[in-house]
Structure formats: structure tokens, C-alpha cells
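**Q** here is my input, please return the structure:
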Amino acid sequence: MRANIIILTCLCLLPVVFGNNEKNETTFVPTREWQTVKKGTPIPKGLHVRHSLQTGVTEAKLMDKEDAEEKDSDENSNHSRSNSLTLHPDKAIIEDHDSSVTADKSDLFDDPIEELKARLKKIKEDDGELNDKHTQRVKQNFRVYETLIKELKVNVTASWELLDHYFQKFQTHRNAVTTGTLTVLEVEEVLDSLYNLEYLLHHIVSAKVFADMQGMGKVISPCLNGTNTEIKVEALKLLGAAVQSNPKAQLKALENDFVEKLLHILSTNAKLEVKSKCLFALSALIRQFPTAQKVWIDHGGVEIFGKILADDQLQVQMRVMKLISDLIIERQNLQDDPDPEQAQQRTKAYAAADVEQKLLKNGYCMHLSNLMTRSFKDALHNQFQTENYEFVETIIESMIIVVPVCKQQFKENKDTLLPIIQHLLNFYQNSDLTIEQDENDILKYLTLLIEKLQTTVSEIVHDEL
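**A** Prediction:
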């Protein structure tokens, strides 16, 4: 542990080393007491080193006897690792017998990750595919560490070794996760493994390795089958990270019946965060994957989505509307493929899912139309809450996108829809609210969207006449 502290302390010194190229030829003579190290002064290896971020002062001293014994013990136990850094104004490298990093050097990642864990645990984004705020914050938190590795020019342990490190840590708690018998400390350890795996899986290569290691069945499934909500949420985020734009991982997830498992969670779990992350994972799994979309349909996905639109929280409803819109747009873009043969094959694959007809058959258009009517009826009495811009944008865009599918249903509901649309338009056009400039831009965009929806529905009615 003391060796790890030394490494972490030395890593903290890197901004000092790289940020100041002032050379000082004075030789540093270490003693048993802490001494200030002048900038640019070379430091022998094997010392205790500490740096104050507040004062910018660097201090060093000889290792205590017990630390030296611990170092010798570590080296003799065949778990060799670098215990100190040789600091120099022009370079900083890890000293090692063979100048390489062995598999056990995956422990080098423990200290920086532990240092960041407190901040990572606070990242509880509400919405988020891999391009959401949560992902961006995770990447930003690790950016400093990745920069240090590049500056150190270390031959970093291969990604599969890191994955295996956290994979094995999780396996020690796997049964307890499933049975719900984890202690508080064990829950933290499981969450730590899931956090770090999620970060690693943002890289497609690592996600493929994770799939090859049977991570879907051995890590994610036990978490989803367990009773701990926080672990379940993190596992859903991990699944979404694994399958995002990754056909190989998507196929592995499909083979492990994750479409069915996610639909079951949506149907049985009432907690907002669980349902939201479940839809995130499901969306990442079935997008651009018509085979998975067919499984989603065959197991009642459209019916479940209809129930969510009929009675659920806005955040969950928005995720449903966005996913349906994406599936329709996928089909609209099939003919844009420059390869006619490939376009024909994709069209055939998507036809097997027959999403449009399933939406009609299971009343999705009616649910969407009713949701809009319920949500905006207060606009008729000037009681509409204007700050919920995202929901307004989502439902208006969804109505526009599904028009080719829901044309007949919108015709039948024209007497209700058109007045709602008109009053909503009037509300945004004539609002006397005091708003900021950025909100004004949002209102202008929403007004354009509502006008487009009004024109589209009016054309449907006109065509009927």
C-alpha cells in the first residue's frame, strides 16, 4: 500500500515537472527528515516524495526502514512493480528491471482511479446515451490521467488485462450480487468495478474484448437479476456502453436475451432511474440492428411503449418517443445507401421487423396523439409550464416524424389536435414572459416546429377533403 502511495504522490508531481523546465544542477542529499526540493533538482529513486498543491512546495526524504522492508518483500514475491519515479526537469520515467510493464502493473491504474472515484460516483446523469453529459464528464475526469500516461511514455498494460482485473474483482462478489447478500463495503467494491468497466468500454475495442470474455452473462446479467437498485442502474449503463455502435457486442447481448430482460425490467420496475437507464440500454442495443428490433417487437415492445406513453413519467416517455423516432428515421434513410445491393439487403432485413405496421396495430399513434392532447390542454387556459422545453420539442418532433405512419389516426383526431396546436402556437408567439436570450432562441425554434406540425396536419385534412 505504501508503494502505491509513493507512485500516486509522484504522479501528482508531474504538473510540476513538465510545467517547469528550469534546471538546477544542485545535488539533492536526502535525509530521514523532510526537505524542500528546489525546482529542477534531480531526485534519486527510492525516496518518499510529497507535493503540496496549495503551496507548490515539493519535499522528499529517505524511506523509513519498514517501507524499505516492504519494498524488498514486494520484489521477492515476484510481483515486481515500480516503487518510485526518477524525476528530472526534462523527463520522468518509471524505473523497472526490464523497462516494461508486466500484467501485474494493472495496479498502477488503481490509485488514479481511486482518486477519481469520489467524483465519478457523483456523476448520476438523468439522460444519457454515450454522448450524454454523464459520458462527457467521465471522459473529462480521466483526461488528466491519460495525459500523464502519455507524458510518462509508459508501456501501459493492454486493455484486456485491465478488463480482466476488474472482471475478476467482480467475480468474487457475483453470487452475493445475485442473492442480494452484499455488505455495504461489498456494494461499494462492486460499484467500483462497474464504474471502471464502463469507462473502459467507451472504447469499442475494449467493448469487443468484454463481449469475448462473456462479460454480458458473467457481469451484467447477475447485476440485473439482483435486488440492489444502484448496482442495477450501473449495470444498465455498462450494457449501454458495451453495445453502443458496436455490432459484435450487440450480437452478444442479443444472444444473452438482453432484449427480453430489458423489456421485463420496463414492465416490472417502477423506479424512474432504472426505467430511464433501461431504455438507454435498449435503445443502444436495437438501433441499426433490425434483428434485435424484431425480437423487441415479438416480445411486446410496442405494447409496453404504448403503456408508457399512456401513464408514466415524462423522462421515460421522452426516451420512448426518441427511440421510436430513430427507428422510423432508420427506415427512411435506407435508400440513401450508395450501394444498391446493400440497400436492398438492408431493406429486406428491416422489412422482417415491420415496425410501422406494428406501431399502427398496437395503437402507438393513438397513444402519442392522446399524450399531446393531455400534455398541452393547459395551454388553452394559459396555464402551460413554459420551462419544459425539452418535452415540448420531443413530442412535437415525434408527431412530425411519425406522420407517414400515423396519417390516418391524425386525420381522425384532427378536431382535437388542430385546436391544441393552434393554441400552443399562440402561446409561444404571444408570450409576455421575461426570458433570457438563450430561452428566446429556444422559443423561436419551438415556434417553427409547431408551425411545421400545424402545416403537416392541415395538409392531411386538406387531402381528405
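**Q** pLDDT weak spots in the chain?
**A** Where the chain drops to pLDDT under 70, the residues are 1-27, 51-56, 64-158, 378-387, 431-438, 463-465.
**Q** buried stuff in the host helix or strand of Glu198?
**A** Glu198 is part of helix 184-200, with elements assigned from DSSP states H and E. The neighbour-count check on helix 184-200 (16 or more other Cβ atoms under 10 Å) flags Val187, Val190, Leu191, Asp192, Ser193, Leu194, Tyr195, Asn196, Leu197, Glu198, Tyr199, Leu200 as buried. All C-beta atoms are positioned from the backbone trio N, CA, C, and that covers glycine.
**Q** closest to Lys261 out of these?
**A** Of all the buried residues of helix 184-200, Leu194 has the smallest distance to Lys261: 16.8 Å, by Cβ to Cβ.
**Q** biggest helix in the chain, by residue count?
**A** If you go by DSSP state H, the chain has its longest helix at helix 437-464.
**Q** ok, Phe258 - contacts?
**A** Applying Cβ atoms under 8 Å, 6 or more residues apart in numbering to Phe258 gives the contacts Met216, Ile220, Leu239, Ala281, Leu285.
**Q** give me the neighbour count for His203.
**A** Neighbouring residues of His203 were enumerated by other Cβ atoms under 10 Å; the total is 12.
**Q** list the helices and strands the longest helix of the chain packs on?
**A** helix 389-401, helix 403-412, helix 414-429 (3 or more Cβ pairs under 8 Å, 6 or more residues apart in numbering; DSSP states H and E).
**Q** just checking, what packs against the shortest one?
**A** Applying 3+ Cβ pairs under 8 Å, 6+ apart, one finds that helix 403-412 contacts helix 314-332, helix 355-361, helix 364-376, helix 437-464.
**Q** relative to Asn175, which of those is closest?
**A** Nearest of those (Cβ to Cβ): helix 314-332, 31.7 Å.
**Q** tabulate the helices and strands packed on helix 437-464 (JSON lines), appending distance to Met318 and mean neighbour count.
**A** Putting the helices and strands packed on helix 437-464 into JSON lines (distance: least, Cβ to Cβ, whole Å; neighbours: other Cβ atoms under 10 Å) gives the following:
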{"stretch": "helix 389-401", "distance to Met318": "5", "mean neighbour count": "19"}
{"stretch": "helix 403-412", "distance to Met318": "18", "mean neighbour count": "17"}
{"stretch": "helix 414-429", "distance to Met318": "17", "mean neighbour count": "17"}
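**Q** let's have the ones you listed in a markdown table, adding distance to Leu323.
**A** Formatted as a markdown table, these follow (distance: least, Cβ to Cβ, whole Å):
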| stretch | distance to Leu323 |
| --- | --- |
| helix 389-401 | 10 |
| helix 403-412 | 14 |
| helix 414-429 | 23 |
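**Q** could I get the helices and strands packed on helix 403-412 in a markdown table, plus columns for mean neighbour count?
**A** Conversion of the helices and strands packed on helix 403-412 to a markdown table gives the following (neighbours: other Cβ atoms under 10 Å):
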| stretch | mean neighbour count |
| --- | --- |
| helix 314-332 | 19 |
| helix 355-361 | 17 |
| helix 364-376 | 20 |
| helix 437-464 | 14 |
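**Q** take the ones you listed and write them to TSV, including distance to Glu255.
**A** Formatted as TSV, the helices and strands packed on helix 403-412 follow (distance: least, Cβ to Cβ, whole Å):
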stretch	distance to Glu255
helix 314-332	21
helix 355-361	22
helix 364-376	28
helix 437-464	40
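**Q** is it correct that Gln288 falls within a strand?
**A** No - applying DSSP: H, G, I helix; E, B strand; the rest coil, one finds Gln288 to be coil, outside a strand.
**Q** run a quick check on it versus Asn333, I expect a contact.
**A** No - taking contacts as Cβ atoms under 8 Å, Gln288 lies outside contact range of Asn333: 10.3 Å.
**Q** Pro247 - how many residues pack around it?
**A** By other Cβ under 10 Å, neighbour count at Pro247 equals 12.
**Q** next up, the contacts around it.
**A** Pro247 sits next to Phe289 when contact means Cβ under 8 Å, 6+ apart.
**Q** let's see it at 6 Å
**A** With Cβ atoms under 6 Å, 6 or more residues apart in numbering as the criterion, no residue contacts Pro247.
**Q** that one and Pro290, how far apart?
**A** To Pro290, Pro247 is 12 Å away according to Cβ to Cβ, to the nearest Å.
**Q** what of Gly180?
**A** According to Cβ to Cβ, Gly180 stands 37 Å off from Pro290.
**Q** same thing with Leu279?
**A** 19 Å.
**Q** cool, Ala281 as well?
**A** Per Cβ to Cβ, Ala281 is found 18 Å from Pro290.
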